[in-house]
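Visitor: Task: produce atomic coordinates for the following.
(chains A, B and C)
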Amino acid sequence: MLAQVVVDVPTRQTNQPYTYAIPEELRQYVVVGMRVVVPFGQGARKVQGFVVGLLTTDLNGFDGELKAISQILDLYPIVNAELLKLSDWLANWTFSFRISILQAMLPNVMRAKYTRYLQLVDEVDDEILYGIFHGQERIIFDENTLTATSLAQLAKLRRNKQVVVTYEVTSKAKVKTESGIQTSLSFEQLEDIKLGLRANAKQQNKLLSYLQTLEPGEVVSQHQLRDRLALSNAVINTAVRQGWASKQPIEIYRQPSKTIVQPDQPKVLHSQQAKALQKIKAASGTPTTFLLEGVTGSGKTEVYLQAIDYELQHGKTALMLVPEISLTPQMMHRVKKRFGTKVAVLHSGLSAGERFDEWRRIERREATVVIGARSAIFAPLENIGIIIMDEEHEASYKQDENPRYHARDVAKWRSAYYNAPLILGSATPSLESRARAQKGVYQLLMLTERINQQALPEVKLIDLRQKIMHAKEQSVADELLVAIKERMAQHEQSVLLLNRRGFSSFVMCRDCGLVVQCPNCDIGLTLHMDTKTLKCHYCGHEEAIPTQCPNCRSKAIKYYGTGTQKVEIELQKLLPTARVIRMDLDTTSKKGAHEKLLKAFGNHEADILLGTQMIAKGLDFPDVTLVGVLNADTGLGIPDFRASERTFQLLTQVAGRAGRADKPGTVFIQTYNPTHYAIKMAQAHDYEKFYRYEMQIRHLAKYAPYYFTIKIQASHADERTAALMMTKIGQWLRQRLTAEVTILGPTPRSIARIKNRFYYQIILKYQNVPIVEQVMQELQLIAQANSRNGMQLIIDREPLNFM
DNA sequence: AGCACGCCGACT
DNA sequence: GTCGGCGTGCTC
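Guide: From the prediction side, this is the model:
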């Protein structure tokens, strides 16, 4: 018996299964989908691998000597047949390595950790034995253990074969346990002990009586025993010491949320909701993709929950994806209320251990409903009956590091595999999805009415060109201030959106015009008042605020542009009685901070919630009747063909926060472009009109959804090397590809340097040109060949970020 | 990724 | 002669 193993060496040349012998003692344990440790390469370095197949004899043409699997890391398969097949497809689709996909599918703790050791194999002199090895035969070998001088000595020792370097694979995945108590004594034996106790040993008597009630072999948790019998640990420990009972670890789950939720019942649907649900139910057992286009407040979530319930009742499981940012406690609560302990939640707020435990609950089929952000699309559910992707247009569904997958593509694949309907839901669908619904590839379900027939909020534009606000350095217009005051008088709340954190966006010398730049990136630094520093939002560089210009020594340093911190101070000045909560990356970076701030706002501990785009989604507060957008234009200036779409989506979403209950809402949008179609159509709440208009633009400009795009990006510490590489690739592509493929570039990225690396890119646009796939595979080989000298090449299918 | 091998200039 | 730096090829 032989095993096909994908090894943990993410390179193009090793992106294939290797054949290993299975030692006799492991023969009955090794199965497909299990993690193993194998020797790989010279020196038989140990690496982690995944068994992806078993063979009997044929070696796939390999005629060398086989090595054997060293050990197994799991006792059962942790990647099932479906996910294994998916990993194969997704690796090809995203131009990434199979091992990277397999790693991405599993909780972080299951990724291999390697420890490097130095081992003595021959006699060495005492200076080395004690100086480097501290008298031991084996030491951990990392950057800290050796100084530069001993490193030179070491090279010599290695050449002389006096020491060897070895690697060991360790799994970080730890099962959490608590201590449990059991007894191996019989009822009668315990009775005898009780009789022998001193009369004042009341507690021991109580404990022994309890132990008598246990079934043979039954283990009770120590803390439960303590609580139930009101005992101290000392009593239990004495019993253990006497041999009356023994300790036994019990496996437990880390509980991410201990709050007990009250179950609720399905709500009554309005007629459009009921019709949509009917169609979804009718498609049960088929791989149908639906686009559920529903205005904010139309009750999409209730449709999802009832559709999930339907599949659960038929013995199936369900997967629901939401963007990370809207995976709020409110949302989790809502799902848990309906499905109780069947729900597993996967999101970034969990610790690595908690995530692992939720994953195990799914894998053991204890949880049948999974709700989570992007990576939850790989949840090890079996027998999936329905997949839901809420806010399907959200860019966070695409991972912007390797492997660059889009959760929507994975969702479609799994939907096809399980014959399960896929529901893409949004108030503002991506043009790609909306166009597919138009063509009939997806079934379009529309929800145009809101629950309780609420009117959509009135949206007013404030034309900043007409204002003299900049002269006064005021970032909130007077009519918006008046409106906020009115809400405060009525004990209602306001939400203000400003899509820029920090205090001001750049710092400039008024005498010489110098803008203070990041030393590592080609971008201006942002002023942060709370830390009294200038920060780079790309690499995290931080420096003191200069008191004089570093160029001309002038003291006329001035802050330009507005960030959330500045508006917060401004509001305190203009509305001294207003209580403001600021929510941005700076105030929510600590674990649980996000939740705490929202809870405080929900409890009316503030009148105004001021924040970046993270406040636009998912939050639902009944007393918010006013929404203000302070800078609707920032998104429009970005060099990206989706700039209008993003602006429209953001404005529509944030507008949806106003007036959800019985109170009508009002929205103010401050803009320098009041005639821009994205802003006008967001004002009119007219997605369909926006869709038709934007489609024309995309058609003319040859962009999605009419064309596919691939971004090829090279980066290098040396600018000329990066530029040269891309010029060569550009020439090569023009030779290899027909004129049907548009090749844009190479051009420097809009921020050409980030973290001291220079970026150049090429964009490919094409419709149905099969050769593109093959050319991209060839390009990967070029990328691999050049990776040695610090060149990084990225191939990104359907990039969402052109910056 | 990490290791060996081979080529080539520099040094005891 | 041989030490050590770097480019290249290979890993069941």
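Visitor: Got the domain ranges for chain A?
Guide: Domain segmentation of chain A under automatic domain parsing yields A:2-111, A:114-171, A:177-251, A:271-447, A:458-505+A:561-698, A:708-797.
Visitor: Which one, of these, ends up nearest to residue A:553?
Guide: domain A:458-505+A:561-698 (21.6 Å; C-beta to C-beta). Where C-beta positions appear, they are placed from N, C-alpha and C, glycine not excepted.
Visitor: distance between the ends of that closest one?
Guide: The first residue of domain A:458-505+A:561-698 is 29 Å away from its last residue (C-alpha to C-alpha, to the nearest Å).
Visitor: related to what we said a few turns ago, of the domains of chain A, which is nearest DNA strand B?
Guide: Of all those, it is domain A:2-111 that lies closest to DNA strand B, at 3.8 Å by C-beta to the nearest atom of the strand.
Visitor: Give me the residue ranges of the stretch 551-700 of chain A where confidence is low.
Guide: For the stretch 551-700 of chain A, residues meeting the criterion pLDDT under 70 lie at A:617-618, A:660-661.
Visitor: what are the ranges of the strands in it?
Guide: For the stretch 551-700 of chain A, applying DSSP state E, counting those that start in this stretch gives strands covering A:557-560, A:580-583, A:608-611, A:624-629, A:666-671.
Visitor: Repeat that for the stretch 51-200 of chain A.
Guide: A:71-72, A:112-120, A:138-140, A:163-171, A:177-182.
Visitor: Including mean pLDDT, distance to DNA strand C and mean neighbour count, could the ones you listed go into TSV?
Guide: Converted to TSV, these look like this (pLDDT from 0 to 100; distance: least, C-beta to the nearest atom of the strand, whole Å; neighbours: other C-beta atoms under 10 Å):
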stretch	mean pLDDT	distance to DNA strand C	mean neighbour count
strand A:71-72	92	15	14
strand A:112-120	83	15	15
strand A:138-140	84	22	14
strand A:163-171	80	13	17
strand A:177-182	86	36	17
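Visitor: Please convert these to CSV, extending it with distance to DNA strand B.
Guide: Listed next are the strands of the stretch 51-200 of chain A as CSV, based on distance: least, C-beta to the nearest atom of the strand, whole Å:
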stretch, distance to DNA strand B
strand A:71-72, 19
strand A:112-120, 7
strand A:138-140, 14
strand A:163-171, 5
strand A:177-182, 32
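Visitor: how many neighbours does residue A:244 have?
Guide: A count of nearby residues for residue A:244, using other C-beta atoms under 10 Å, gives 21.
Visitor: picking up where we left off before, nearest to DNA strand C, of the strands of the stretch 551-700 of chain A?
Guide: From these, taking C-beta to the nearest atom of the strand, the stretch that ends up closest is strand A:557-560, at 43.4 Å.
Visitor: related to what we said a few turns ago, with respect to burial, which of the domains of chain A scores highest?
Guide: Most buried of the domains of chain A by mean neighbour count (mean count of other C-beta atoms under 10 Å) is domain A:271-447; its value is a mean of 20.
Visitor: still on that earlier bit, which one of the strands of the stretch 51-200 of chain A lies nearest to residue A:746?
Guide: Of all these, strand A:112-120 sits nearest to residue A:746, with 36.8 Å by C-beta to C-beta.
Visitor: now the angle from the closest one to strand A:163-171?
Guide: 150 degrees (axes from the mean of the first three to the mean of the last three C-alpha atoms, to 10 degrees).
Visitor: residue contacts, residue A:694?
Guide: Contacts for residue A:694 (C-beta atoms under 8 Å, 6 or more residues apart in numbering) come out as A:431, A:644-645, A:648, A:677.
Visitor: export those to a markdown table and tack on distance to residue A:781?
Guide: Formatted as a markdown table, those follow (distance: C-beta to C-beta, whole Å):
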| residue | distance to residue A:781 |
| --- | --- |
| A:431 | 34 |
| A:644 | 38 |
| A:645 | 35 |
| A:648 | 41 |
| A:677 | 44 |
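Visitor: List the ones among those that fall in helices.
Guide: Taking DSSP state H as the definition of helices, the contacts of residue A:694 contribute A:431, A:644-645, A:648, A:677.
Visitor: can you tell me which of these are up against DNA strand C?
Guide: Of the entries in the ones in helices among the contacts of residue A:694, none also sits close to DNA strand C under the rule C-beta under 7 Å from any atom of the strand.
Visitor: Looking at the residues you listed, which is nearest residue A:450?
Guide: Among those, and counting by C-beta to C-beta, the member closest to residue A:450 is residue A:648, at 19.2 Å.
Visitor: and the closest one, how far is that from residue A:685?
Guide: 11 Å (C-beta to C-beta, to the nearest Å).
Visitor: ok, which residues in chain A are in contact with DNA strand C?
Guide: Near DNA strand C, when you scan chain A using C-beta under 7 Å from any atom of the strand, you find A:9, A:11, A:13-14, A:18-21, A:39-42, A:44, A:59-60, A:62, A:64-67, A:152, A:155-156, A:159, A:788-789.
Visitor: center of chain A, which residue is that?
Guide: Residue closest to the mean C-alpha point of chain A, counted by C-alpha atoms, centre = their mean, is residue A:374 at 5.4 Å.
Visitor: Mind checking what secondary structure the closest residue to DNA strand C within the stretch 401-550 of chain A has?
Guide: Closest residue of the stretch 401-550 of chain A to DNA strand C, C-beta to the nearest atom of the strand: residue A:402 (18.2 Å). Following DSSP: H, G, I helix; E, B strand; the rest coil, the label given to residue A:402 is coil.
Visitor: Pop out the phi and psi values for it.
Guide: Residue A:402 adopts backbone torsions of phi -70, psi 140, taken as degrees, to the nearest 10.
Visitor: so residue A:493 bridges to which residues?
Guide: residue A:624 (DSSP bridges).
Visitor: tell me the contacts of it?
Guide: A:487, A:601, A:604, A:606-609, A:621, A:623-626.
Visitor: Looking at the residues you listed, which one is closest to residue A:266?
Guide: Once C-beta to C-beta is applied, the member of these that ends up nearest residue A:266 is residue A:621, at 23.7 Å.
Visitor: Give me the phi and psi for the closest one.
Guide: Dihedral pair for residue A:621: phi -120, psi 120, per degrees, to the nearest 10.
Visitor: Contacts only, for it.
Guide: A:493, A:601-602, A:657, A:660.
Visitor: Equivalent analysis for residue A:99, please.
Guide: A:6-10, A:15, A:50.
Visitor: Fine by me, we can end here.
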